[in-house]
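[1] compute the structure for the input listed below.
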Amino acid sequence: MTRLNFEQFVSLRLLLNVEGIGPGKIRNLLAQFKSLNSILSASHNELTKTDQINKILAQRIRQASLTRDIFRKKIKEEIERLSQMGASVITVWDPEYPPLLKKIYDPPLILYALGSFTEADNYSVAIVGTRQPSNYGKVQAEKFSSDLCSQGVTVVSGMARGIDSIVHRSAIKIGGRTIAVIGSGLDVIYPPENRQLFSEIIRNGVVLTEFELGTKPDAQNFPRRNRIISGISLGSIIVESGVSGGAMQTAAFALEQNREVFAVPGNLGVRQSEGTNALIQRSGAKLVCTVDDVIQELEIKLKPVIGKNIPKAEEELNMFEEKLMACLDNEPKQIDLISSMSSLSTSDCLVYLLSLEFKGLVRQYPGKMFSTA
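    So this is what the prediction gives:
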């Protein structure tokens, strides 16, 4: 299930089970002892010679090594259950490990996944928000998710109530890919009403967690989940959030990871918009009105997938729209030139160009410049 053999995996899980030992300290220990098994067989004195490993931590590691036989049985049973579920174990040393996540500081060493990653998932964008969205927020979440998926971009969210669930459902509805990062074990579906959505996500993408089977969705798990959401994404779009919401935490992680942050502006005085408006005001996020704003910002990074996964539906065009399409190409043209080329008035051009923009065939730029989408 992973490139590590069974005994190596047991050693890794044993070490992660030691209080005070996390991915960073395990990396320090590996630099010193070269293998996971060697760490657990090292003496107390040898362990204390490792950076950040004091006498107390060394003693805990020695004690953990004495429980190996009992722990081995537990891990064997867990792997059998994961196998029965069709789940996979991915470690940071495996080629399947998400490459964007590997680039963040101190990435999780183990991930558990249901579903399969594709190459397109390396070009993902997260969309997150409040569990209690307004109607405006619901509309924006659905639009940004479906528009990104229609361009072949994988959307990432946290499968929570509200915005997150809308994001996943909108992606699935148009046949796009979506990744759900959860704050519990793969066998603990939360919220429980998302059981069907959970199954649909697996068929259309991946459910991902760093938590072992049986882990409950406790509050302390969600910051770690949010860190992965931003970590596997090129950028994060915050649709609606209070000033202290989980989505704001995702935005903070994204900034820390040197990833792009986008915010959908909202009405003043509306609680669900306080966080997004504050992000924009503090220059912590770029204001976005449409998915084109996101794509233009991430254009170079998204180039390998844009428009390749899902073909655009053929649109019925009237004679004026066809005439305008014949005048346009990839190079933006100013409205006066388009009017001259098409022999239509400027006002008529703007009406039909707006219609073509709604159909996803034309892109508008500042200064009334237009090109094919």
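[2] contacts and neighbour counts: CA atoms only from here.
    Noted.
[3] mind listing the strands for the chain?
    Assigned by DSSP state E, the chain shows strands spanning 88-91, 110-115, 124-128, 154-157, 178-181, 205-209, 235-238, 260-263, 286-287, 333-334, 362-365, 369-372.
[4] could these be laid out in TSV, adding mean neighbour count?
    Listed next are those as TSV, based on neighbours: other Cα atoms under 10 Å:
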stretch	mean neighbour count
strand 88-91	21
strand 110-115	20
strand 124-128	30
strand 154-157	30
strand 178-181	28
strand 205-209	25
strand 235-238	30
strand 260-263	26
strand 286-287	20
strand 333-334	17
strand 362-365	17
strand 369-372	19
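[5] using CSV, please lay out those strands together with distance to residue 342 and mean pLDDT.
    Formatted as CSV, the strands of the chain follow (distance: least, Cα to Cα, whole Å; pLDDT from 0 to 100):
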stretch, distance to residue 342, mean pLDDT
strand 88-91, 56, 96
strand 110-115, 50, 98
strand 124-128, 38, 98
strand 154-157, 38, 98
strand 178-181, 41, 98
strand 205-209, 44, 98
strand 235-238, 38, 98
strand 260-263, 37, 97
strand 286-287, 34, 96
strand 333-334, 12, 92
strand 362-365, 15, 87
strand 369-372, 13, 89
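[6] okay, now the domains of this protein?
    6-84, 114-302, 319-372 (automatic domain parsing).
[7] how about residue 171: what's its closest non-neighbour residue?
    residue 146 (5.4 Å; Cα to Cα, 6 or more residues apart in numbering).
[8] thought residue 48 was touching residue 60?
    No - contact criterion Cα atoms under 8 Å: residue 48 and residue 60 do not qualify, at 11.5 Å.
[9] possible to save the strands of the chain as JSON lines with distance to residue 69?
    Shown next, in JSON lines, are these (distance: least, Cα to Cα, whole Å):
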{"stretch": "strand 88-91", "distance to residue 69": "21"}
{"stretch": "strand 110-115", "distance to residue 69": "21"}
{"stretch": "strand 124-128", "distance to residue 69": "41"}
{"stretch": "strand 154-157", "distance to residue 69": "38"}
{"stretch": "strand 178-181", "distance to residue 69": "32"}
{"stretch": "strand 205-209", "distance to residue 69": "26"}
{"stretch": "strand 235-238", "distance to residue 69": "43"}
{"stretch": "strand 260-263", "distance to residue 69": "46"}
{"stretch": "strand 286-287", "distance to residue 69": "53"}
{"stretch": "strand 333-334", "distance to residue 69": "71"}
{"stretch": "strand 362-365", "distance to residue 69": "63"}
{"stretch": "strand 369-372", "distance to residue 69": "64"}
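[10] any regions of the stretch 251-373 of the chain where pLDDT drops low?
    307-315 (pLDDT under 70).
[11] now the helices for it?
    Secondary structure of the stretch 251-373 of the chain by DSSP state H, counting those that start in this stretch: the helices cover 274-281, 291-297, 299-302, 319-327, 335-342, 346-358.
[12] now render those helices as a markdown table, adding mean neighbour count and distance to residue 168.
    Output for the helices of the stretch 251-373 of the chain, formatted as a markdown table (neighbours: other Cα atoms under 10 Å; distance: least, Cα to Cα, whole Å):
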| stretch | mean neighbour count | distance to residue 168 |
| --- | --- | --- |
| helix 274-281 | 21 | 20 |
| helix 291-297 | 16 | 16 |
| helix 299-302 | 15 | 20 |
| helix 319-327 | 15 | 33 |
| helix 335-342 | 16 | 38 |
| helix 346-358 | 16 | 23 |
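[13] wait, which of these is closest to residue 13?
    helix 299-302 (34.9 Å; Cα to Cα).
[14] alpha carbons only: can I get that closest one in PDB?
    Output in PDB follows, covering the C-alpha atoms of helix 299-302 (Å, rounded to 0.1, in the frame of the first residue of the first chain):
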ATOM      1  CA  GLU A 299      -2.500  31.300 -15.800                       C
ATOM      2  CA  ILE A 300       1.000  30.000 -16.100                       C
ATOM      3  CA  LYS A 301       0.600  27.400 -13.400                       C
ATOM      4  CA  LEU A 302      -2.700  26.200 -14.800                       C
END
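[15] contacting residues around that helix?
    Helix 299-302 is contacted from outside by 123, 153, 234, 295, using Cα atoms under 8 Å, 6 or more residues apart in numbering.
[16] so which of these is the closest to residue 14?
    Closest to residue 14 out of the contacts of helix 299-302 is residue 234 (32.6 Å), distances taken as Cα to Cα.
[17] how much space separates the closest one from residue 157?
    Using Cα to Cα, to the nearest Å, one obtains 13 Å as the distance from residue 234 to residue 157.
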